[in-house]
Every structure is written in structure tokens, then in C-alpha cells.
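Participant: Okay, sequence plus prediction incoming.
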Amino acid sequence: MYPKGDITHVYDKAGVYSSHIDITYGGEFSVGGGPWLPIPDTVTIAGQLQPLTVTTARARLVIK
């Protein structure tokens, strides 16, 4: 999960793809310094489609 960088996706070939991200929010609350209690629901905000350009790269070993 974010921000560790372990969210990945592999594309079969280079090109421009439509992508979007949906975000789900949840939380906890505390009253007067009492225990933290979960909010019993979440809300999801759907992201708009965005173009994503996928390119290819070739690894090369360079000795300097």
C-alpha cells in the first residue's frame, strides 16, 4: 500500500491507457480523551479517467 511503493500493475505493451483511482476513506473518533472508536462506515470517491502513457525500457550494463 501507499506510500511503500508496492502498488504495481504490469502492461503487456507500451501505449496510452485510460486509468483511474478510487479512494475509500474511513476513520476513528475519540470523545473527551476516551478510547478511539471506529466510524462504522466508509465513503468512496471515484476518480476521473486519466490517460496513462506506458513506455518500455531496456536494461544496459555500463562500465565507466
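Facilitator: Received the coordinates, thanks.
Participant: May I have the residues that are in contact with the closest residue to Ala46 other than its chain neighbours?
Facilitator: Among residues not flanking Ala46 along the chain, Asp22 sits closest, at 5.0 Å (Cβ to Cβ, 6 or more residues apart in numbering). Just so you know, the C-beta spots here come from the backbone N, C-alpha and C atoms, and that holds for glycine as well. Neighbouring residues of Asp22 by Cβ atoms under 8 Å, 6 or more residues apart in numbering: 44-47.
Participant: Under the pLDDT cut-off, which ranges of this structure? List them.
Facilitator: 1-3 (pLDDT under 70).
Participant: Where do the helices of it begin and end?
Facilitator: In order along the chain, the chain carries no helices (DSSP state H).
Participant: Distance check, Gly34 against Thr56.
Facilitator: 55 Å (Cβ to Cβ, to the nearest Å).
Participant: Apart from its neighbours in sequence, what residue is nearest Pro51?
Facilitator: In space, Pro51 is closest to Val16, 5.3 Å off (Cβ to Cβ, 6+ apart).
Participant: Is that neighbour in contact with Thr53, as I believe?
Facilitator: Yes: contact criterion Cβ atoms under 8 Å: Val16 and Thr53 qualify, at 5.4 Å.
Participant: Common neighbours of those two, please.
Facilitator: Here Val16 and Thr53 share no contacting residue, scored by Cβ under 8 Å, 6+ apart.
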